[in-house]
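Asks: Starting from these lines, generate the structure:
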Amino acid sequence: MKHALLALFSAILVVSCATPTREQSLVDRAVTAMGGTERLAAIKTIAFKGSAKYWEPEQSDVPGGDMRFANESTFSGMTDVGSRASRIDWVRNFAYPAPRTFTFSEITTPEAGYVIGVDSNGRNAQNLKASPPAHAMSGHRLATSQRELLRGGSAALMLAMQRAGDKVQPAGDINGQPAASFGSFVVAFDPATGLPSRVRTLDYDNIWGDVTYDVVFSDWRDVGGARIAMGRKYELNGRPVVDVNFSDLQFNTPIDTARLQIPAEVRSTASKPAMRNVPHQWVIRRQFIGTYLDSDNPSYDTGASQGLRLQEVAPGVHQVQGGTHNSLVVEMSDHLIVMDAPVSDAQSLWLVGQTRARFPGKPIRALVLTHHHMDHAGGLRGILAEGGMLVVGQGAGAHFRRVLSAPMTRNPDLPARSFHMTPILEVPESHVMSDSAGRQVIVYVMDNPHAKGMLMGWVPHAKLGFVTDIWTPGPPLPAKPNPGLAAVVNTVKRAGLEPERFAGGHGAVADYQTLVKLVGQ
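Replies: Residues are numbered from 1 along each chain as shown. As a prediction, the model looks like this:
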């Protein structure tokens, strides 16, 4: 009897171990609905064509307003499944921040990535030196590209989940649909068809903190006996930001694998995929508007710059230089005022460390944001963690109140904390900040073509102004004035100022009279 009970318990244990979990069953059903394991595993090459549209929510005209249409693209490409190498040839027609077309190719492999051509205004040193232009992907871009290729490759993702069933874990339903987690992905399944409907990652956005980033599949069609989604919409916190449609998709057709190769001299020194603290949203969305600097440090080109530095540009006035985006620091009698907090909290924490060493005992009491765009406001929490006030232009107060109330538990640079009690000052026309010695910093709302509620900074004792995006002091001025440059001159005239120089959120410092002469032509 004893042996019989033991055998029974053993049989029950074997059966229970062999029974798939709810999540594994969801995956198995999805694989079957897509054509079955054998059919999907038989896919050795993929050739594809399509088009895509992109919108950037944090480059809006009005703070918290409608997303800015960024670009419309066409693409064609190929994938060798065995080597996990992919190539996408792009033609991107940009509408923002200026009309232009970039034609380029991306090659992604497990160990390295490669860009052929010009894909950004923010060309890194390697791309500028190469003839024809080309460069290795940064570790951040490579890791992001690998993630997004797997996210969008529903067949490969489902097979990976089926083969590693022990790594498929429970997840909460998404929009009433059952879901399962696998690594960094949460996959939702259509209860009616069993097909994967949505693939989500939990990302961090420099403005909105904790966000969801999803691809939503649609327009399932038969391709060589497998069912594949020909439509994909990408959503950021539920807002559609990318619309992709495949016009042609073929499996197991001959491909030219030579076009998937990265030159040996590039591959030998190329970055490996970054393994931690990857700023996925920065990498993805700066490409939407064609301004991404492909670097292992988001703030500067590691192949050309020695890094950020705090440069004195006038007595008691310092500008962050050495990177793509600048701040201005003004020393007051017992505190500091900072203008702009660009890129990320990592850059802001670097700045806080510099100011503590250079101005001991003088905390940052005010952060002035010239405007709300993500590249110049993305580090606001790193500055405001010092306990200062946020100063923004007219119409931006409610937007930043929502921003600072958003959760930020995934912030790679700051521990989670609440910023919802941060004091916010909204400037209607102008605002004066002064100290006990009479030193002043004044900000003026600008009528300009770039963003509503934009502020210009003015440091009277240094006869120095500060503007972002509408003028980049330092590089040569264009042959003809434009509305942005005219907006600087008009604001100065309206305020009755007599500046000698201007510092910029981009660039360095330049004489103001050169701008006056251009605009006055």
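
Asks: residues touching Leu202, list them.
Replies: For Leu202, the residues meeting the contact criterion (C-beta atoms under 8 Å, 6 or more residues apart in numbering) are 184, 186, 210-212, 410. Every C-beta, even on glycine, is put in place using the N, C-alpha and C of the backbone.

Asks: pLDDT below threshold where in this structure?
Replies: Within the chain, the ranges that satisfy pLDDT under 70 run 1-18, 521.

Asks: Among the contacts of Leu202, which one lies nearest to Pro476?
Replies: The nearest member of those to Pro476, counting by C-beta to C-beta, is Val211 at 39.0 Å.

Asks: OK, contacts around the closest one?
Replies: For Val211, the set of contacting residues under the criterion of C-beta under 8 Å, 6+ apart consists of 202-205, 236-237, 281.

Asks: again with Ala416
Replies: Going by C-beta under 8 Å, 6+ apart, the list of residues near Ala416 reads 407-409.

Asks: what do you get for Thr291?
Replies: The neighbourhood of Thr291, defined by C-beta under 8 Å, 6+ apart, consists of 97, 120-122, 375.

Asks: And the buried ones among those, selectable in ChimeraX?
Replies: Taking 16 or more other C-beta atoms under 10 Å as the burial criterion, the selection of buried members of those in ChimeraX is written as:
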select :97,120,375
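
Asks: which residue ranges form the helices in the stretch 401-521 of the chain?
Replies: Under the criterion DSSP state H, counting those that start in this stretch, helices of the stretch 401-521 of the chain are mapped to 483-495, 512-519.

Asks: same thing with the chain?
Replies: If DSSP state H is used as the criterion, the helices of the chain fall at 2-18, 22-33, 37-41, 125-129, 139-152, 154-163, 264-267, 280-288, 345-358, 374-377, 380-384, 397-405, 483-495, 512-519.

Asks: Rebuild those as JSON lines, extending it with distance to His318.
Replies: Below are the helices of the chain laid out as JSON lines (distance: least, C-beta to C-beta, whole Å):
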{"stretch": "helix 2-18", "distance to His318": "65"}
{"stretch": "helix 22-33", "distance to His318": "54"}
{"stretch": "helix 37-41", "distance to His318": "58"}
{"stretch": "helix 125-129", "distance to His318": "26"}
{"stretch": "helix 139-152", "distance to His318": "28"}
{"stretch": "helix 154-163", "distance to His318": "49"}
{"stretch": "helix 264-267", "distance to His318": "38"}
{"stretch": "helix 280-288", "distance to His318": "25"}
{"stretch": "helix 345-358", "distance to His318": "8"}
{"stretch": "helix 374-377", "distance to His318": "17"}
{"stretch": "helix 380-384", "distance to His318": "14"}
{"stretch": "helix 397-405", "distance to His318": "25"}
{"stretch": "helix 483-495", "distance to His318": "21"}
{"stretch": "helix 512-519", "distance to His318": "19"}
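
Asks: Quick check, Pro473 in contact with Gly505.
Replies: No. Using C-beta atoms under 8 Å, Pro473 is not in contact with Gly505, being 9.6 Å away.

Asks: Apart from its chain neighbours, what residue comes closest to Tyr292?
Replies: Excluding its sequence neighbours, the residue lying closest to Tyr292 (C-beta to C-beta, 6 or more residues apart in numbering) is Arg286, at 3.6 Å.

Asks: what separates that neighbour from Pro342, distance-wise?
Replies: Relative to Pro342, Arg286 is positioned 12 Å away (criterion: C-beta to C-beta, to the nearest Å).

Asks: Looking at the two, which is more packed in?
Replies: When Arg286 and Pro342 are compared on other C-beta atoms under 10 Å, the one with more neighbours turns out to be Pro342, at 29 against 22.

Asks: wait, isn't His135 in contact with Gly117?
Replies: No. The pair His135 and Gly117 does not pass the contact test of C-beta under 8 Å, sitting 9.7 Å apart.

Asks: Would you mind telling me which of the two has the busier surroundings?
Replies: Neighbour tally, His135 and Gly117, criterion other C-beta under 10 Å: the higher count belongs to His135, 25 against 16.

Asks: Tell me who's in contact with the more buried one.
Replies: 114-115, 124, 126-127, 294.

Asks: Turn these into CSV, including neighbour count and distance to Val338.
Replies: What follows is the contacts of His135, written out as CSV (neighbours: other C-beta atoms under 10 Å; distance: C-beta to C-beta, whole Å):
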residue, neighbour count, distance to Val338
Tyr114, 22, 38
Val115, 25, 34
Asn124, 22, 27
Gln126, 20, 32
Asn127, 24, 32
Asp294, 26, 28
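
Asks: could you check the angle helix 22-33 makes with the longest strand anywhere in the chain?
Replies: For the chain, the strand that runs over the most residues, judged by DSSP state E, is strand 209-223. Using axes from the mean of the first three to the mean of the last three C-alpha atoms, to 10 degrees, the inter-axis angle of strand 209-223 relative to helix 22-33 is 30 degrees.

Asks: in strand 209-223, what counts as buried?
Replies: Within strand 209-223, the residues that count as buried by 16+ other C-beta under 10 Å are 209-217, 220, 223.

Asks: Report the spatially nearest residue to Trp350, omitting neighbours in sequence.
Replies: Here the residue nearest Trp350, using C-beta to C-beta, 6+ apart, is Leu308, at 5.9 Å.

Asks: related to what we said a few turns ago, note down every partner strand of the longest strand of the chain and its orientation.
Replies: If you go by DSSP bridges, strand 209-223 pairs up with strand 196-205 (antiparallel), strand 226-236 (antiparallel).

Asks: Just the residues contacting the longest one, thanks.
Replies: So that's strand 226-236. Judged by C-beta under 8 Å, 6+ apart, the contacts made with strand 226-236 from elsewhere in the structure are 33-35, 39-40, 43, 57, 152, 154-155, 195, 205, 211-221, 240-246, 249, 251, 281.

Asks: Which of the strands paired with strand 209-223 has the highest mean neighbour count?
Replies: For the strands paired with strand 209-223, ranked by mean neighbour count under the definition mean count of other C-beta atoms under 10 Å, the leader is strand 196-205 at a mean of 22.

Asks: So which residue is dead centre in the protein?
Replies: Trp282 (1.6 Å; C-alpha atoms, centre = their mean).

Asks: ok, now which ones touch that residue?
Replies: Remark: with contacts taken as C-beta under 8 Å, 6+ apart, Trp282 is in contact with 140, 206, 298, 343-344, 378.

Asks: can you do 10 Å?
Replies: With contact set as C-beta atoms under 10 Å, 6 or more residues apart in numbering, Trp282 has these partners: 140, 144, 203-206, 292-293, 298, 343-344, 374-375, 378.

Asks: Now the buried members of these.
Replies: With neighbours counted by 16+ other C-beta under 10 Å, these contain buried members at 140, 144, 203-206, 292-293, 298, 343-344, 374-375, 378.

Asks: from those, which is closest to Ala171?
Replies: Here the nearest of the buried ones among the contacts of Trp282 to Ala171, counting by C-beta to C-beta, is Asp203; it sits at 15.9 Å.

Asks: bridging residues for the nearest residue to the closest one once chain neighbours are set aside?
Replies: In space, not counting the residues next to it along the chain, Asp203 is nearest to Tyr213; the distance is 4.7 Å by C-beta to C-beta, 6+ apart. With DSSP bridges as the criterion, Tyr213 is bridged to Thr201, Leu236.

Asks: The chain should start at 27 in everything you say after this.
Replies: Happy to do that; since the first residue is 27 now, the last one works out to Tyr239.

Asks: Tyr239 against Ile310, yeah?
Replies: Yes. Judged on C-beta atoms under 10 Å, Tyr239 makes contact with Ile310 at a distance of 7.9 Å.

Asks: That's all I had, so thanks and see you.
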